[in-house]
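# I'll drop the sequence and a predicted model, then ask my questions.
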Amino acid sequence: MSTAPSCHDALWHVSRSELYVIDPATLRIRAANPAACRNTHYRADQLTTLRLVDLAPNLAHDDLDGAGVDGKPVSTHFARADGSRYPVTLHLLPIRHDDAPALLACVDDDSSAIALQRVQSRFDAIVSHTPGLVYQFRLDADGNPSFPYVSEGCQALLGLPAAELTAQPERFLELVLAEDRQSYMDAMLSSAGTLWGWNWEGRIWIDAWKDVKWINLRATPHSLPNGAVQWEGIMTNITESKLEGLEVRASRARLAELTAHIEKVKEQERTRIAREIHDDLGGNLTAIKMALAMLSARLPEGDQVLHDKAAYVDELADRTIDAVHRITLDLRPSILDFGLVAALDWQIKEFSAQAGIACGFQTNTREVDLDADQATALFRIVQEALTNIAKHAEATRVTVRLQCGREHLGVKISDNGRGIAPADRSKPASFGLRGMAERARALDGTLHVTPAEGGGTVVAIKIRRHGYNSA
């Protein structure tokens, strides 16, 4: 039989368990430790006026007899001073207190354990329904990896049991394809060094299924006192979406190639039609004017009506020649034969004269060494941008800058108009902007439309190139 702890005993005061000294005859509480007062919300002097059954009204007498004899734990509920109840586990041990027989009641509050069990149950339910692998990964200060926790999704994702990965953490790196291991290590070390989120995509080889999977790894790091870094995160199978994304990109690339081919064929056809119009219609109209001049010279001097008719036909021939010239220029400006810089300078002057908008052209080179197709495509982008300005911008000033660098060629078309709203760019019928963007992509370049300082819009085209003939 034990001796009851003195009220001055440190264990009596620091114990988290409720401790009560009970009179075995009356079950009255003789003494209670601070934890008992804290949990029951009674003062010590109040507790000594109560019996054990006052605190545990549901406790059966048989339970007390059994607990008193063999010390088996009893589960019941204790009542606090405010009437609320909480689950406890009760142990009764025979002791001596003040040289008299007594019982030591050791009471553990089960509320935290039950709450923890509920949290654990919810966590397990969430993890079991998570489409992926939930895990903890630790990198020690000496570089050794470990997996303190791995969910059961390990088998479905990686093809090996969670216990096996926990026992042999190096197995994971072995699963990563050799081509992707360096990016995996770089991402891990960068996250460990900066304590920023670890986000990595890569391929793993699943030997059990003889298959390659794409996985996405997202984890949050935190440092440990011993210099280690630990991540909590999730791995998911992104094979299907990744392959779909690759197919979409391949499809877009094929579409871009087709678009570029169609544009090239269209420009070639325009060039052919322009040449035939210029050579055939232009030549025929010139011959008609010469024949008309000869006939006019032979008309009778006194027949004014015939002279007026001849003058009208001559003027009609001149207008037709001008129309042929204009149509030919629209199909393919012959000025492009003199280079892109000359063609842009001419186009900007023509636009200014036709639209009545002040225009400026700036360049840092006399010429750029682009092939005919590239020069034509870039010229068409500028032409379309100027057309859009004339239709929609309400601008009074336009500036075009051609900038040649060692590796890139850039063109910026700026206006001081009313600007373009973001919603206007995605309109189903906004084929002008789409066509410009497709032409830029066909040149292996980019096109950006941004607001200009002080109002208006800037259209910026940037393409890669290899050297140029500078001024």
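Sure thing, it's come through.

# avg pLDDT for stretch 251-260?
For stretch 251-260, mean pLDDT is 78.

# ditto for stretch 300-314
pLDDT averaged over stretch 300-314 gives 85.

# can you dump the C-alpha coordinates of it into CSV?
Extracted in CSV, the C-alpha atoms of stretch 300-314 (Å, rounded to 0.1, in the frame of the first residue of the first chain):
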residue,chain,number,x,y,z
PRO,A,300,-12.1,67.0,-137.9
GLU,A,301,-11.2,70.4,-136.4
GLY,A,302,-14.7,71.7,-136.4
ASP,A,303,-16.4,68.6,-134.8
GLN,A,304,-16.3,69.7,-131.1
VAL,A,305,-18.6,66.9,-130.0
LEU,A,306,-16.1,64.2,-131.2
HIS,A,307,-13.2,66.1,-129.6
ASP,A,308,-15.1,66.3,-126.2
LYS,A,309,-15.8,62.5,-126.5
ALA,A,310,-12.2,61.8,-127.2
ALA,A,311,-11.1,63.9,-124.2
TYR,A,312,-13.5,62.1,-122.0
VAL,A,313,-12.3,58.7,-123.1
ASP,A,314,-8.7,59.8,-122.6
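
# so how far is the first residue of stretch 387-401 from its last?
Using C-alpha to C-alpha, to the nearest Å, one end of stretch 387-401 lies 17 Å from the other.

# how about that stretch: buried residues?
Buried residues in stretch 387-401, defined by neighbour count with 16 or more other C-beta atoms under 10 Å: Asn388, Ile389, Ala390, His392, Ala393, Ala395, Val398, Thr399, Val400, Arg401. All C-beta spots, glycine's among them, are computed from the backbone N, C-alpha and C.

# and if you look at stretch 88-105?
For stretch 88-105, the neighbour count (16+ other C-beta under 10 Å) marks Val88, Leu90, Leu92, Ile95, His97, Ala102, Leu103, Leu104, Ala105 as buried.

# Next: stretch 275-290.
Going by neighbour count (16+ other C-beta under 10 Å), the buried part of stretch 275-290 is Ile277, His278, Leu281, Gly282, Leu285, Ile288, Lys289.

# Of those, which is the nearest to Thr363?
His278 (28.5 Å; C-beta to C-beta).

# Am I right that the closest one is in a strand?
No. Under DSSP: H, G, I helix; E, B strand; the rest coil, His278 sits outside any strand and is assigned helix.

# you'd agree it is up against Thr328?
Yes. Between His278 and Thr328 there is a contact under C-beta atoms under 8 Å: 5.0 Å.

# before we move on, the earlier item: put together a markdown table for the buried residues of stretch 88-105, with secondary structure, distance to Pro333 and pLDDT on each row.
Below are those laid out as a markdown table (DSSP: H, G, I helix; E, B strand; the rest coil; distance: C-beta to C-beta, whole Å; pLDDT from 0 to 100):
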| residue | secondary structure | distance to Pro333 | pLDDT |
| --- | --- | --- | --- |
| Val88 | strand | 94 | 90 |
| Leu90 | strand | 99 | 90 |
| Leu92 | strand | 105 | 88 |
| Ile95 | strand | 110 | 87 |
| His97 | strand | 112 | 85 |
| Ala102 | strand | 112 | 90 |
| Leu103 | strand | 109 | 89 |
| Leu104 | strand | 105 | 90 |
| Ala105 | strand | 103 | 90 |
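
# any idea how the chain splits into domains?
2-115, 130-237, 253-331, 334-464 (automatic domain parsing).

# how deep is the residue lying closest to Thr40 once chain neighbours are set aside tucked in, by neighbour count?
Once flanking residues are discounted, Thr40 sits nearest to Arg80: 5.3 Å by C-beta to C-beta, 6 or more residues apart in numbering. Applying other C-beta atoms under 10 Å, we find 13 other residues in the vicinity of Arg80.

# so what's Arg80 up against?
The contact partners of Arg80, by C-beta atoms under 8 Å, 6 or more residues apart in numbering, come to Asn39, Thr40, His41, Tyr42, Tyr86.

# Okay, it and Cys37: tell me how far apart.
As judged by C-beta to C-beta, to the nearest Å, Arg80 and Cys37 stand 11 Å apart.

# same thing with Thr48?
Taken as C-beta to C-beta, the span from Thr48 to Cys37 is 11 Å.

# what's the answer for Gly405, then?
With C-beta to C-beta as the criterion, Gly405 and Cys37 are 80 Å apart.

# Between the two, which has more neighbouring residues?
A direct count of neighbours by other C-beta under 10 Å for Gly405 and Cys37 places Cys37 higher, at 17 against 13.

# which phi and psi does the more buried one have?
Dihedral pair for Cys37: phi -60, psi -40, per degrees, to the nearest 10.

# now it, nearest residue through space, not along the chain?
Spatial nearest neighbour of Cys37, chain neighbours left out: Ala44 (5.6 Å); criterion: C-beta to C-beta, 6+ apart.

# Repeat that for Asp82.
Spatial nearest neighbour of Asp82, chain neighbours left out: His41 (6.2 Å); criterion: C-beta to C-beta, 6+ apart.

# Give me the distance between that neighbour and Ser75.
Relative to Ser75, His41 is positioned 21 Å away (C-beta to C-beta).

# ditto for Lys309
In terms of C-beta to C-beta, Lys309 sits 122 Å off from Ser75.

# go on, Thr399?
85 Å.

# Then Lys210?
Following C-beta to C-beta, the distance that separates Lys210 from Ser75 is 53 Å.

# same deal with Ser111?
Separation of Ser111 from Ser75 (C-beta to C-beta) stands at 13 Å.

# any residues in contact with both of these two?
The contact lists of Ser111 and Ser75 share Pro87, where a contact means C-beta under 8 Å, 6+ apart.

# who's the residue most central in space within the chain bridged to?
In the chain, the residue lying closest to the centroid (C-alpha atoms, centre = their mean) is Asn199, at 11.0 Å. Beta bridges link Asn199 to Arg218 when assigned by DSSP bridges.

# shouldn't it be in contact with Ala187?
Yes. Assessed by C-beta under 8 Å, Asn199 is found in contact with Ala187 at 7.3 Å.

# ok, how many other residues are close to Glu263?
The tally of other residues near Glu263 (other C-beta under 10 Å) stands at 18.

# Just the element for it, please.
Assigned by DSSP states H and E, Glu263 belongs to helix 239-276.

# send the alpha carbons of the very next helix or strand once past that helix over as CSV?
Proceeding C-terminally, helix 239-276 gives way to helix 282-297 as the next helix or strand, assigned by DSSP H and E. Output in CSV follows, covering the C-alpha atoms of helix 282-297 (Å, rounded to 0.1, in the frame of the first residue of the first chain):
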residue,chain,number,x,y,z
GLY,A,282,-1.3,48.4,-117.6
GLY,A,283,0.2,47.6,-121.0
ASN,A,284,-3.2,47.5,-122.7
LEU,A,285,-4.3,50.8,-121.2
THR,A,286,-1.1,52.4,-122.3
ALA,A,287,-1.7,51.1,-125.8
ILE,A,288,-5.3,52.4,-125.7
LYS,A,289,-4.1,55.9,-124.7
MET,A,290,-1.6,55.9,-127.6
ALA,A,291,-4.2,54.8,-130.1
LEU,A,292,-6.7,57.3,-128.7
ALA,A,293,-4.1,60.1,-129.1
MET,A,294,-3.6,59.1,-132.8
LEU,A,295,-7.3,59.1,-133.4
SER,A,296,-7.8,62.4,-131.7
ALA,A,297,-5.2,64.0,-133.9
